[in-house]
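*Asks:* I'll drop the sequence and a predicted model, then ask my questions.
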Amino acid sequence: MNNFHHTILINLHRIIFYVIKSRIWLRHMDRHSEEERYALANEMVTKMNRSAGFKTIAQGQELLPKEGGYMLYPNHQGKYDVLGIFNTHKKPCSFVMDEKRSHMILLSEFLRIVEGKTIVLSDIRQTIGVFRQVAREVAEKGRKFILFPEGGYKENNQNRVEHFKAGSFKVALMAKCPIVPVALVDSYKVYNSPHRGPVTTYVYYLRPIYYDEYKNLRSGEIAQLVENRIKDRIKEHMREKVN
């Protein structure tokens, strides 16, 4: 039994409880603030993670912009990535994900309770429409979103970073908001590797890149800049681990 199925099995009672609670809240979204709904989402994550022996250590939260919205761009390792960020990001944030993966029970409720967005990867028009909506919410409402510029992830990726897609950064360009590179380490071990048992993962929030710093760059150049910073931080983590 892998970690994913083990976590589901030992948390069946919690899954039932939170699915019911989330669906009740979703009927009356206006009764619950963004902060309250984010707290509920994090409560789900924290209890399930602790029960299975998963924990996340983060650095760099002090670098996050104090005001306004921004885009978080992490490398993508697997199912645990968003959960690790949620556990370590104090202010409410949300995420954008592949529509095909969004219908699983509890994940669906989790996505909707934080007003996340789904994109159909094969439908460019729909994806652009969602990107515009995200950009408006970041710019006008000060929301924070996680968007994975690699698109998908590979099983057991061993902390490798794939090529970042330039189109992902058009959201930041439209919103004219800060870009926060996020380096995830060992996140793949939780649900997307042969590893069994407790796992410690790492989230590194890197120095934000503000609009004035990237406004004259093409989206492909921005993608390369963010990709390189994340790769450098992961390499630094590996050196620290050896020493």
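*Replies:* Arrived safely. None of the values given here were measured: they were computed from a predicted structure.
*Asks:* and the closest residue in space to P92 that isn't next to it in sequence, how close does it get to L26?
*Replies:* Leaving aside its sequence neighbours, P92 sits nearest to Y38 (C-beta to C-beta, 6 or more residues apart in numbering; 3.7 Å). The C-beta positions use only the backbone N, C-alpha and C, and glycine is treated the same way. To L26, Y38 is 14 Å away according to C-beta to C-beta, to the nearest Å.
*Asks:* these two: who's more crowded?
*Replies:* Y38 (21 against 14; other C-beta atoms under 10 Å).
*Asks:* so I20 is in which element?
*Replies:* Taking DSSP states H and E as the definition, one finds I20 inside helix 12-27.
*Asks:* the helix or strand following that helix - contacts with which helices or strands?
*Replies:* Following the chain from helix 12-27 toward its C-terminal end, the next helix or strand by DSSP H and E is helix 34-52. Under the contact definition 3 or more C-beta pairs under 8 Å, 6 or more residues apart in numbering; DSSP states H and E, helix 34-52 sits against helix 3-10, helix 12-27, helix 81-88, helix 107-113.
*Asks:* so for the last one, mean pLDDT?
*Replies:* Just to be clear, that refers to helix 107-113. Mean pLDDT, computed over helix 107-113, is 96.
*Asks:* and for the second one?
*Replies:* Summarised as a single mean, pLDDT over helix 12-27 is 96.
*Asks:* mind listing what's buried in that helix?
*Replies:* Judged by neighbour count (16 or more other C-beta atoms under 10 Å), helix 12-27 contains these buried residues: 14-15, 18-19, 22, 25.
*Asks:* just stretch 176-189 next, same as before
*Replies:* Neighbour counts over stretch 176-189 (16+ other C-beta under 10 Å) mark 177-189 as buried.
*Asks:* all strands of this structure, in order?
*Replies:* 54-59, 70-74, 94-98, 117-119, 144-146, 179-185, 199-205 (DSSP state E).
*Asks:* would you pull up how far the third one lies from the middle of the chain?
*Replies:* Pointing back at strand 94-98 there. The chain centre lies 7 Å from the centre of strand 94-98; the measure is C-alpha atoms, centre = their mean, to the nearest Å.
*Asks:* list the buried residues in it.
*Replies:* 94-97.
*Asks:* show me what that strand is packed up against.
*Replies:* Applying 3+ C-beta pairs under 8 Å, 6+ apart, one finds that strand 94-98 contacts strand 117-119, strand 144-146.
*Asks:* same list (these) but as TSV, adding distance to R239 and mean pLDDT.
*Replies:* Putting the helices and strands packed on strand 94-98 into TSV (distance: least, C-beta to C-beta, whole Å; pLDDT from 0 to 100) gives the following:
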stretch	distance to R239	mean pLDDT
strand 117-119	36	97
strand 144-146	27	98
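*Asks:* tell me which of the ones you listed lies nearest to L225.
*Replies:* Closest to L225 of those is strand 144-146 (C-beta to C-beta; 18.3 Å).
*Asks:* what lies in contact with the closest one?
*Replies:* 69-72, 74, 82, 85, 89, 91-96, 117, 134, 137-138, 171, 182 (C-beta atoms under 8 Å, 6 or more residues apart in numbering).
*Asks:* ok, now stretch 157-164?
*Replies:* With C-beta under 8 Å, 6+ apart as the test, stretch 157-164 has contacts from 73, 75-78, 149-150, 154, 185-186, 188, 192, 223-224, 226-227, 230-231, 234, 238.
*Asks:* can you flag the buried ones in the residues you listed?
*Replies:* For the contacts of stretch 157-164, buried by 16+ other C-beta under 10 Å: 73, 75-78, 149-150, 185-186, 188, 192, 223, 226-227, 230-231, 234.
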